[in-house]
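Chemist: my questions concern the predicted model and sequence given below.
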Amino acid sequence: MMLENEAIAKKWFEAFNSHNLDDLLYLYDEAATHFSPKLKIRKPETNGLIKGKSELRIWWKDAFDRLPTLYYKVTSLTSNNNRVFMEYVRQVEGEENMLVAEVLEIEAGKIVFSRVYHG
């Protein structure tokens with residue numbers, strides 16, 4: 001199971017870094033929940049929390065459209081049977097690099113919850 005969750009995380013980075021929304025969303029459960037400090041800033045009405053694939057699609061499409069050079073450089077992946085802890089560097093041309101940690105909670109091979117932490 002551990003390898004399976006790490007494989008999901010690797011697919012997540014591949015999809016994210018190629019800005020492939022469909023491949024990224026495929027990894028998520030229909031009712032998945034996502035929390036991010038960036039959401040809190042850009043969409044204060046969400047209080048940082050969105051739910052469901054359609055909300056995720058809107059959020060990431062906006063990010064990919066606004067930040068065509070957005071790239072996450074993986075520094076560490078730690079997984080157990082139901083979650084993956086990912087550490088990466090957020091890189092955007094013209095912006096300072098940002099250290100980020102994110103936890104993916106996985107059930108039945110799909111991401112059900114993700115939470116982002118900024119360094």
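Modeler: Perfect, I can see it now.
Chemist: residue contacts, residue 112?
Modeler: 28, 29, 31, 32, 33, 105, 106 (Cβ atoms under 8 Å, 6 or more residues apart in numbering). (Glycine included, C-beta is placed from N, CA and C.)
Chemist: of those residues, buried ones?
Modeler: Buried subset of the contacts of residue 112 (neighbour count, 16 or more other Cβ atoms under 10 Å): 28, 29, 32, 33, 105, 106.
Chemist: so can I have JSON lines of those showing pLDDT?
Modeler: Formatted as JSON lines, the buried ones among the contacts of residue 112 follow (pLDDT from 0 to 100):
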{"residue": "28", "pLDDT": "97"}
{"residue": "29", "pLDDT": "97"}
{"residue": "32", "pLDDT": "98"}
{"residue": "33", "pLDDT": "98"}
{"residue": "105", "pLDDT": "97"}
{"residue": "106", "pLDDT": "97"}
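Chemist: and the contacts of residue 112, which two are furthest apart?
Modeler: Using Cβ to Cβ, the pair of the contacts of residue 112 lying farthest apart is 31 and 106, separated by 13.8 Å.
Chemist: flag the shaky bits of the protein, pLDDT-wise.
Modeler: Scanning the chain for pLDDT under 70 picks out 1-3.
Chemist: contacting residues around residue 38?
Modeler: 116, 118.
Chemist: what residues of the helix or strand hosting it count as buried?
Modeler: Using DSSP states H and E, residue 38 sits in helix 37-42. Across helix 37-42, burial judged by 16+ other Cβ under 10 Å covers residue 39.
Chemist: just checking, next helix/strand downstream of it?
Modeler: Next along from helix 37-42, by DSSP H and E: strand 49-51.
Chemist: between the buried ones among the contacts of residue 112, which is closest to residue 81?
Modeler: Residue 81 has its nearest neighbour among the buried ones among the contacts of residue 112 in residue 106, at 8.7 Å by Cβ to Cβ.
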